[in-house]
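Student: Dropping the sequence and predicted coords here.
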Amino acid sequence: MSDIRKLLGLKIREIRQKKKMSQEELSFESKLHRTYISDIERGNRNVSIKNIEKIAKALKVSIKELMP
């Protein structure tokens, strides 16, 4: 799996699950729609750096930690 979108999505899912957060909770904390979070985790979205920042803040990690 070398597609950066898929790798990023897997990393976000891994961190979210380790923190025992649902997609709904991540959605609420990041102010992004739940289906958008789902699309990101499946590698179906080309995520902007601004939204990566929102997700990192919601997960309480650095942007660097989200990078595959």
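Tutor: Thanks, I have the structure now.
Student: So what touches the one helix or strand residue 9 maps to?
Tutor: Per DSSP states H and E, residue 9 falls inside helix 4-18. Outside of helix 4-18, the residues within contact range by Cβ atoms under 8 Å, 6 or more residues apart in numbering are 1, 23, 26, 37, 40-47, 52, 55, 59, 61, 65-68. Where C-beta positions appear, they are placed from N, C-alpha and C, glycine not excepted.
Student: Any idea how far that helix is from the middle of the chain?
Tutor: With Cα atoms, centre = their mean, to the nearest Å as the basis, helix 4-18 stands 6 Å off its chain's centre.
Student: for the record, mean pLDDT for that helix?
Tutor: What helix 4-18 shows for mean pLDDT is 97.
Student: Please enumerate residues in contact with the helix or strand following that helix?
Tutor: Sequence order places helix 23-30 as the next helix or strand after helix 4-18, per DSSP H and E. By Cβ under 8 Å, 6+ apart, the residues outside helix 23-30 that reach it are 16, 21, 32-34, 36-38, 41, 51, 54-55, 57-59.
Student: at 10 Å what do you get?
Tutor: Residues outside helix 23-30 that contact it (Cβ atoms under 10 Å, 6 or more residues apart in numbering) are 12-13, 15-17, 19, 21-22, 32-38, 40-41, 51-60.
Student: Residue 39 reaches residue 45, doesn't it?
Tutor: Yes - Residue 39 is in contact with residue 45 according to Cβ atoms under 10 Å; the separation is 4.4 Å.
Student: I'd like the distance between residue 29 and residue 54.
Tutor: 9 Å (Cβ to Cβ, to the nearest Å).
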